[in-house]
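# kindly return the folded structure for what I paste below:
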Amino acid sequence: MRAPLLILPLAALVSAGALASCSSKSDGGTTPLADAGPVTYAPQGCAYTIAPPEARGYLALALDDAKAAGDAPIRVRLGMGGATAKGKPGYADPTTTAAFTWETAATTNAAKVRLGSDPNTLTDVHVGYSWTTPPPSVGIGNNEPAVQMHEAHVCGLAPGKTYYYQVGGGTPEVWSATQSFTTVPSSGKITLGISGDSRDSADVLQLVQLRMRDAGAALQLFSGDFVIFGAQESQYAQWIDKMWKDPSDASKFLTLGQQMILPVPGNHENDSSQFFGNWAVPGDGAYAETFGSFDVGNAHVVLLDDELIAAVGTGDQVAAQLAWLEADLTAAEADRATHPFIIIVHHRGELSTSTHGKESDVIAARTALLPIWDKHHVDLVLNGHDHNYERSHPVTGPASSPTVQTAANMGTTFVVCAGAGAGAYGPGKDPAPYRAFNAGFGNGTPYVGVYALVTLEANTLTLKAYGLKQAGGGVAGDDILDTFTSTR
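Numbers count the residues shown, from 1 in each chain. Sure thing, here's the model as predicted:
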């Protein structure tokens, strides 16, 4: 049975252009500046541009205004922009680029980042852009204030180097506290943090982030359902706060703004403007941020919004996504000598045997996507949606009856790793020849959630899944539930 909480239609939750203006609210909500219409942001030194689609409904889009009054940045987060054509100029690259996103309580178009290799010498200044994300005109979240957002992109960074930065600007200047991040190395051993479905407990999400910091993840991949109502901005504020500040010392930082975090939306985000406004991921154009990819270490990683593919199955966005997938994976296969592994991140688990496994939208995703993964010899698919941990054997098609293969590099392995705060589902019990391993959390186990770490090194990919314990002790204090290794 599907979770009963997400029952509104897409149109009721997306903050679309039908909301023409957003005035000040009695609860102290943000009042947008006059709407200037579409804006294209061309980050200095970058070979890509950003023009948020009108469908997002963002208001008062504006480039940095040095004369605007500064305001204290909050919830500073680190993501990545970039184009989506592999091998072409501007293609997303976590080794040399970074995107900084933040909020301010006041309405202002001050949007700059300044950075450097020394915390006391932040002389490299880049301008950004600002916008207001309004609440939906109807449905959940419509009574919440708009939120003032800012973003600045930086290109030309050095791989594997630590930078210090502040965001803000304005006149008089107001800057955030200094944070630091390290660009992803271009070679050597690289660790990716894997999690999903945090929607019910921000405290458990914080525990997962402590583990990601402890593990030194080069970047994080999140498989959707960050909050329970994706158009409710106050939930993002609550959950993101838990990722921003160190729970043991509020003057220090945790992972938000320190590690690059690249999420895909789940069904609870429902393709809301709030979700897309809160994160920076690759992509531009009419369907910006619903698909993108990048290379990291020995792997090619694809980020895919599966909402319309699974729930509708047709339309211009679905056609654009599937056409892009075909082109992207064709290019990735041609690049196997440099990046031998192909990893996909999307929300619904095609081969999950837990609660959602037999539902129509999951079957639709399986029918549409598994043949593509099969055709292009995808190695690993990372999903959420079902709140447990599950790994399949390597399989090939057909989608209606997957064939189990004897070696990891002979098929696609599907992993559901969704326990970063969402309530536990029981592991699937019905016989499934393609299921290799599954485990739950809660329900009498010593675990409050699950997460995984993927290690990329030389010609090997290794995934370790962990049962998250409430007590401290870091990654070393958690139990390893499962290990999977593939070599190419």
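
# what's the end-to-end length of stretch 139-158?
45 Å (CA to CA, to the nearest Å).

# chain center to that stretch, what's the gap?
14 Å (CA atoms, centre = their mean, to the nearest Å).

# may I see the buried residues of it?
Across stretch 139-158, burial judged by 16 or more other CB atoms under 10 Å covers 139-142, 144-155, 157. Heads up, the C-betas are built off the backbone N, CA and C, glycines and all.

# and what of stretch 195-207?
By neighbour count, with 16+ other CB under 10 Å as the criterion, the buried positions of stretch 195-207 are S195, G196, D197, S198, R199, D200, S201, A202, V204, L205, Q206, L207.

# model confidence for S21, exactly?
In this model, S21 is scored at 30, pLDDT.

# meant to ask about A250, not that
89.

# kindly report the same for L5.
pLDDT at L5 comes out at 31.

# confirm I363 sits in a helix?
Yes - checked against DSSP: H, G, I helix; E, B strand; the rest coil, I363 lies within a helix.

# from L351, how far off is it?
11 Å (CB to CB, to the nearest Å).

# ok, now V475?
27 Å.

# now do G90
Distance from G90 to L351, by CB to CB: 35 Å.

# these two: who's more crowded?
L351 (26 against 19; other CB atoms under 10 Å).

# is it true that the more buried one touches R366?
Yes - L351 lies in contact with R366 (CB atoms under 8 Å); the separation is 7.1 Å.

# for this protein, longest helix please?
helix 316-334 (DSSP state H).

# next secondary structure after that helix?
Using DSSP states H and E, the helix or strand that follows helix 316-334 towards the C-terminus is strand 341-345.

# report all helices and strands that that next one contacts.
Here strand 341-345 touches strand 299-304, helix 316-334, strand 380-383, going by 3 or more CB pairs under 8 Å, 6 or more residues apart in numbering; DSSP states H and E.

# buried deepest among these, which one?
Mean neighbours per residue, mean count of other CB atoms under 10 Å, is largest over the helices and strands packed on strand 341-345 for strand 380-383, with a mean of 27.

# which other residues reach that strand?
194, 196, 221, 223, 341-350, 352, 373, 412-418, 454, 461, 463, 486 (CB atoms under 8 Å, 6 or more residues apart in numbering).

# report how many residues lie close to P431.
If you count neighbours by other CB under 10 Å, P431 ends up with 7.

# relative to H393, how far out is it?
Going from P431 to H393 by CB to CB gives 13 Å.

# and the residue nearest the centre of the chain?
Among the residues of the chain, the one closest to the centroid is P263, at 0.8 Å (CA atoms, centre = their mean).

# quick check: nearest residue in space to Q209, chain neighbours excluded?
T255 (4.6 Å; CB to CB, 6 or more residues apart in numbering).

# now swap in G467 and tell me
Excluding the flanking residues, the one nearest G467 by CB to CB, 6+ apart is Y447, at 3.7 Å.

# where's that neighbour relative to G266, distance?
In terms of CB to CB, Y447 sits 21 Å off from G266.

# for H377, same thing?
Taken as CB to CB, the span from H377 to G266 is 26 Å.

# ok, the two, which is more surrounded?
A count of neighbours by other CB under 10 Å puts G266 above the other of H377 and G266, at 30 against 17.

# got the contact list for that one?
G196, D197, S223, G224, D225, F226, E307, H347, G384, H385.

# Three-state assignment for it, please.
Going by three-state DSSP: G266 is coil.

# quick one, what contacts the nearest residue to it once chain neighbours are set aside?
Leaving aside its chain neighbours, G266 sits nearest to G224 (2.6 Å; criterion: CB to CB, 6+ apart). Remark: with contacts taken as CB under 8 Å, 6+ apart, G224 is in contact with 196-197, 263-269, 346-347, 384-385.

# what number of residues lie near the nearest residue to R488 once chain neighbours are set aside?
Leaving aside its chain neighbours, R488 sits nearest to P340 (3.9 Å; criterion: CB to CB, 6+ apart). Applying other CB under 10 Å, we find 21 residues neighbouring P340.

# separation between P340 and R211?
In terms of CB to CB, P340 sits 27 Å off from R211.

# any low-confidence regions in the stretch 301-450 of the chain?
Judged against pLDDT under 70, the stretch 301-450 of the chain has no low-scoring part.

# return the residues in contact with the most far-flung residue of the chain relative to its centre.
Centroid-distance maximum for the chain: P172 at 33.7 Å, with CA atoms, centre = their mean. For P172, the contacting residues are A69, G70, by CB under 8 Å, 6+ apart.

# equivalent analysis for H300, please.
By CB under 8 Å, 6+ apart, the neighbours of H300 are K86, S293, F294, A332, D335, H339, F341, I342, I343.

# stretch 421-433: which residues count as buried?
G421, A422, A424, Y425, P427, G428, A432.

# reformat the residues you listed as a markdown table; add secondary structure.
Below are the buried residues of stretch 421-433 laid out as a markdown table (three-state DSSP):
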| residue | secondary structure |
| --- | --- |
| G421 | coil |
| A422 | coil |
| A424 | coil |
| Y425 | coil |
| P427 | coil |
| G428 | coil |
| A432 | coil |
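
# for A310, phi and psi?
Main-chain dihedrals, A310, degrees, to the nearest 10: phi -80, psi -40.
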